[in-house]
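>>> Generate coordinates for the sequence data below:
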Amino acid sequence: MKGSAGHLAVSPDARRDRTEERRMVPALATALADELERRADEERRLMRQAGAKPAPQSRRAINERRRANAAALRAIVDHHGWPDADLVGTPASTAALVILLHATDLDFQLKCRDLIAQAAADGRCPALHHAYIADHCAVEQGQPQFYGTRVNPVTLRPYPIRRPQTLDERRHDVGLGPLDEQMRTLRAGG
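Have a look, this model is predicted:
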């Protein structure tokens, strides 16, 4: 892979071989999808509760949920690879991405970033998923991000961006609008 946002060239035969390897019983795929969505929903519920009634025990509950979610996602990835849209559907794959973004193990996030990059290159998950995890990992490593998806919560400005002159082109390529629009929406409270 070329950098965290590089695209991989994959032969049709290699894609077909991986597709054969990844086939699983539909009931298992459904169970994985349900589990990922349930876990992400539970975290959202805890976040809403914490927002309505902030307390130290709320923060602990969220952190415990995130640790448990990350452990469950790691087990899924270890056994089945990245739970991409072809495997579990887009909503569950998106739930997996949210769980990954809230995990605390950067090595695991980097491993999954590469799996997501491959899945996006193969058309098995939205390119947008790769944009979010690539930017997340870059910021966590102290490097400039590629797509401008990470914003400093204190300054409400994007963390440093690699090659800002072509940023909106890259954003368009993955289905994001211009950064200026995102920033206006963010500052307006949306």
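>>> Would you mind identifying the next helix or strand past the helix or strand of the chain with the lowest mean pLDDT?
Every helix and strand of the chain was ranked by mean pLDDT, DSSP states H and E. The lowest is helix 12-22, at a mean of 48. With elements assigned by DSSP states H and E, the helix or strand that comes after helix 12-22 is helix 26-52.
>>> Pull the distance from that next one to the chain's centre.
Put simply, helix 26-52 sits 15 Å off its chain's centre (C-alpha atoms, centre = their mean, to the nearest Å).
>>> just checking, what packs against that helix?
helix 56-80, helix 85-88, helix 90-101 (3 or more C-beta pairs under 8 Å, 6 or more residues apart in numbering; DSSP states H and E). Yep, even glycine has a C-beta here, placed from its N, CA and C like the rest.
>>> which stretch among the ones you listed comes nearest residue 40?
Residue 40 lies closest to helix 90-101 among these, at 3.7 Å (C-beta to C-beta).
>>> Buried by neighbour count: which residues of the closest one qualify?
92, 93, 94, 95, 96, 97, 98, 99, 100, 101 (16 or more other C-beta atoms under 10 Å).
>>> likewise stretch 163-179?
By 16+ other C-beta under 10 Å, the buried positions in stretch 163-179 come out as 167, 168, 170, 171, 174, 176, 179.
>>> Give me the average confidence score over it.
Averaged across stretch 163-179, the pLDDT comes to 96.
>>> Can you measure across that stretch, start residue to end residue?
13 Å (C-alpha to C-alpha, to the nearest Å).
>>> quick one: contacts of that stretch?
For stretch 163-179, the surrounding residues in contact (C-beta atoms under 8 Å, 6 or more residues apart in numbering) are 5, 126-128, 130-131, 146-149, 158, 161, 182.
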